[in-house]
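A structural model of the following input is requested.
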Amino acid sequence: MELNLVVIDDSEINLTLFRVLAERIEGVRVHGFLSSSEALAWCEQGQADVVVVDYMMPAPDGLEFISHFRQLPGMAEVPLIMVTANNLRDVRCRALEQGASDFLNKPVDKDEFLARVRNMCALRRSQRQLADRAAWLAEEVAKATAGLLERERETIVCLAKAAEYRDPETGAHILRMAHYSVLIGRQLGLAPAELEMLLEAAPMHDVGKVGTPDLILLKPGRLTPAEFMIMQQHAEQGYEILRQARSPVLAMAAVIARAHHEKWDGSGYPQGLKGEAIPLLGRIVAVADVFDALTSPRPYKQAWPLAQAREYLEQNAGRHFDPRCVEAFLAAWDEVLAIRERFQDQ
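Numbers count the residues shown, from 1 in each chain. Below you'll find the model as predicted:
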């Protein structure tokens, strides 16, 4: 690991001496400056690893140099040696306050110079190795986290498909309603991280249907009151399947599974919640899910025209649906049409 040693002294004789001595140190490239201003300009562009600076110089002097140097990005921990007269105790104290790491006394002894500079170089190498190690660890943690997230996504997809295979609804429906949900959430000001989770959680809204008997789930005609009561259980069943998961996405999916059949006026199920007592994510998914169900063909019905489905949402805002969610959905109508075009039934 080669280090950049910056040496600053307005005496050309001293600068030459320091350079010759420093070049004896293995793995060090010496950058000498007669002007502290020029040295600062170089440090703004280059990477200084160790600095040796004389106190007595034209402005900026050694103390002013340290103050400016420590404010440069990445220079707060760089080892810095100040060269001073032994009797300047007040200067040394102020230099320590400004960020000096060590001192050399005038006249400078060459053996002491080499020993102190070597020590500062060893310190800098340790700093850089530690920083490299921290960066490597951060990268490894990021890789491991990405792997966990990928496995979590695979689990989520499997859960969504489990419900899909038991239901006449198509995979395209799941994709459309998930993207409709994100569209509404974005219009309502949800944070990007929450929108990303919503895209993954929304497809599991009907996972509880894995517990619904086929005779009811796949019945082509209208359900009897008794059958409808059994069908309604899928909301609570989906919540029970998902609620104990530690994953934030699955926890969000549990809330959605339980709440997406609640209605704004309190006439929904399973809890009969009303208005703002219904979790916002459930209110969002309710609009997305119903709109796509209305506009998609099923074995027991034809797809509604878009205009008719839009009118249904408008008429039921404040009854079935949260009016804000309906307004947000319709305000982005061009995006709605783009999602429908992108995720078509096969």
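
residues of stretch 104-121 that come out buried?
Using 16 or more other CB atoms under 10 Å as the test for burial, stretch 104-121 gives 104, 108, 113, 116-118, 120-121. Backbone N, C-alpha and C define where each C-beta goes, glycine included.

quick one: which of these sit in strands?
Residues of those located in strands (DSSP state E): Leu104.

Which ones among the buried residues of stretch 104-121 map onto helices?
Mapping the buried residues of stretch 104-121 onto helices (DSSP state H) picks out 113, 116-118, 120-121.

So what touches the host helix or strand of Gln308?
Assigned by DSSP states H and E, Gln308 belongs to helix 306-316. Applying CB atoms under 8 Å, 6 or more residues apart in numbering, the external contacts of helix 306-316 come out as 287, 290-291, 294-295, 304, 321, 326, 329-330, 333, 337.

out of those residues, who has the most neighbours?
Compared across these, Val287 has the highest neighbour count, 28 neighbours, by other CB atoms under 10 Å.

what helices or strands is the helix or strand where Met197 lies leaning on?
Using DSSP H and E, Met197 sits within helix 192-201. Here helix 192-201 touches helix 110-165, helix 171-187, helix 248-259, helix 280-294, going by 3 or more CB pairs under 8 Å, 6 or more residues apart in numbering; DSSP states H and E.

so what's Gln47 up against?
By CB under 8 Å, 6+ apart, Gln47 lies in contact with 4, 74.

so it sits in a helix?
No. Using DSSP: H, G, I helix; E, B strand; the rest coil, the secondary structure at Gln47 is coil, not a helix.

how close does it sit to Arg125?
Remark: distance between Gln47 and Arg125 (CB to CB, to the nearest Å) = 13 Å.

One more: Phe321?
The gap separating Phe321 from Arg125 is 64 Å, by CB to CB.

In three-state terms, how would the nearest residue to Ile278 once chain neighbours are set aside be classified?
Residue nearest to Ile278 in three dimensions, not counting chain neighbours: Glu262, with 4.4 Å by CB to CB, 6 or more residues apart in numbering. State at Glu262, reduced to three classes by three-state DSSP: coil.

and what of the one 5 residues further on?
In the three-state summary, Ser267 is assigned as coil, counting by three-state DSSP.

what about it, how many neighbours?
11.

Just the CA atoms of stretch 233-245, as PDB, please.
Taking Å, rounded to 0.1, in the frame of the first residue of the first chain, the C-alpha atoms of stretch 233-245 are listed here in PDB:
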ATOM      1  CA  GLN A 233     -63.700 -16.500   6.200                       C
ATOM      2  CA  HIS A 234     -60.800 -16.200   3.700                       C
ATOM      3  CA  ALA A 235     -60.000 -12.700   4.900                       C
ATOM      4  CA  GLU A 236     -59.400 -13.800   8.500                       C
ATOM      5  CA  GLN A 237     -57.700 -17.000   7.400                       C
ATOM      6  CA  GLY A 238     -55.300 -15.000   5.300                       C
ATOM      7  CA  TYR A 239     -54.500 -12.900   8.200                       C
ATOM      8  CA  GLU A 240     -53.800 -15.900  10.400                       C
ATOM      9  CA  ILE A 241     -51.500 -17.500   7.800                       C
ATOM     10  CA  LEU A 242     -49.400 -14.300   7.500                       C
ATOM     11  CA  ARG A 243     -49.600 -12.500  10.900                       C
ATOM     12  CA  GLN A 244     -46.800 -14.300  12.800                       C
ATOM     13  CA  ALA A 245     -44.200 -13.800  10.100                       C
END
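
Sweet, I'm off.
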